[in-house]
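J.: Below are the sequence and a predicted model for it; my questions follow.
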Amino acid sequence: METPLVFSQLNMCESKEKTFFKLIHGSSKEEGSKEDKIRVSPKEAVIWGESFDKLLSHKDGLEAFTRFLKTEFSEENIEFWIACEDFKKSKDPKQILLKAKAIYEKFIQNDAPQEVNLDFHTKEVITKSITQPTLHSFDAAQSRVYQLMEQDSYTRFLKSDIYLDLIEGRPPRPTNLRRRSRSFTYNEFQDVKSDVAIWL
């Protein structure tokens, strides 16, 4: 009898995070069509070049910047920042605890699926406070990630085809937006012959 190939570890956190991150990002079915939804005038897009805050405060600016980060495989930074913004709006203590744990497991802990680049001290402070989080638990980490994006990714975004097309009123070019993953899927290795038992 054949044993079905199951990688249960790929969905370990899904149930806890699913509802929370669906609220932030929408369903995955929408992801492919998002680049078609960026419809701004060149005049609006030019404003995004004035400051990083102006880019992030505009819904389409945030979407264009996220699309750019995906081409650089660093979208975890903006996703973490968005998750922190949403987290700070939480009111219910139970919701604060659940969201804090989801953010920690997805972005902060060692080998998290979308681990952001933080110094040891910042990570340590968050790790110690995660059992009793406050609305300010991620402030230092969010500020650090914001600075990294502003000083690094934002300047490259302003020179990117994605942004230049918008300010010149050209339709967006198709981009190859592959999801970076630290784990593999069955489809990527379907031609590899191996003993299933080694994975169990």
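T.: All right, it came through fine.
J.: T155: neighbour count?
T.: The number of residues packed near T155 is 11, by other CB atoms under 10 Å. For the C-beta atoms, the positions are set from N, CA and C on the backbone; glycine is no exception.
J.: What strand or helix carries it?
T.: T155 belongs to helix 154-157 when assigned by DSSP states H and E.
J.: can you check A100 too?
T.: In this assignment (DSSP H and E), A100 forms part of helix 93-103.
J.: Okay, buried residues for that helix please.
T.: Judged by neighbour count (16 or more other CB atoms under 10 Å), helix 93-103 contains these buried residues: I96, L98, K99, A100, K101, A102, I103.
J.: Pull up the gap between the second one and L158, please.
T.: Looking back up the chat, that one is L98. Distance, L98 to L158, by CB to CB, to the nearest Å: 37 Å.
J.: For the protein, give me the ranges with low pLDDT.
T.: Applying pLDDT under 70 to the chain flags residues 1-38, 172, 174-200.
J.: Please, where are all the helices along it?
T.: Using DSSP state H, the helices found in the chain span residues 14-25, 28-31, 34-37, 42-48, 52-57, 59-71, 76-87, 93-103, 120-129, 139-148, 154-157, 161-167.
J.: Any idea how many residues pack against A83?
T.: If we define neighbours as other CB under 10 Å, then A83 has 25 of them.
J.: Give me the nearest residue to it, chain neighbours excluded.
T.: Using CB to CB, 6 or more residues apart in numbering and skipping the chain neighbours, the partner closest in space to A83 is I103 (5.2 Å).
J.: With G49 instead?
T.: Nearest one to G49, counting by CB to CB, 6+ apart, is L158 at 5.5 Å.
J.: So what's the residue count around the nearest residue to E75 once chain neighbours are set aside?
T.: Distance criterion CB to CB, 6+ apart; nearest residue to E75, sequence neighbours excluded, is L69 at 4.4 Å. By the measure other CB under 10 Å, the count of residues near L69 is 19.
J.: on that earlier part again, CA atoms of the helix holding A100 as CSV?
T.: Listed next in CSV are the C-alpha coordinates belonging to helix 93-103 (Å, rounded to 0.1, in the frame of the first residue of the first chain):
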residue,chain,number,x,y,z
PRO,A,93,-6.5,41.5,25.5
LYS,A,94,-7.1,38.0,24.0
GLN,A,95,-6.7,39.5,20.5
ILE,A,96,-3.5,41.2,21.5
LEU,A,97,-2.0,37.9,22.8
LEU,A,98,-3.1,35.9,19.7
LYS,A,99,-1.8,38.5,17.2
ALA,A,100,1.4,39.0,19.1
LYS,A,101,2.1,35.3,19.1
ALA,A,102,1.2,35.1,15.3
ILE,A,103,3.6,38.0,14.5
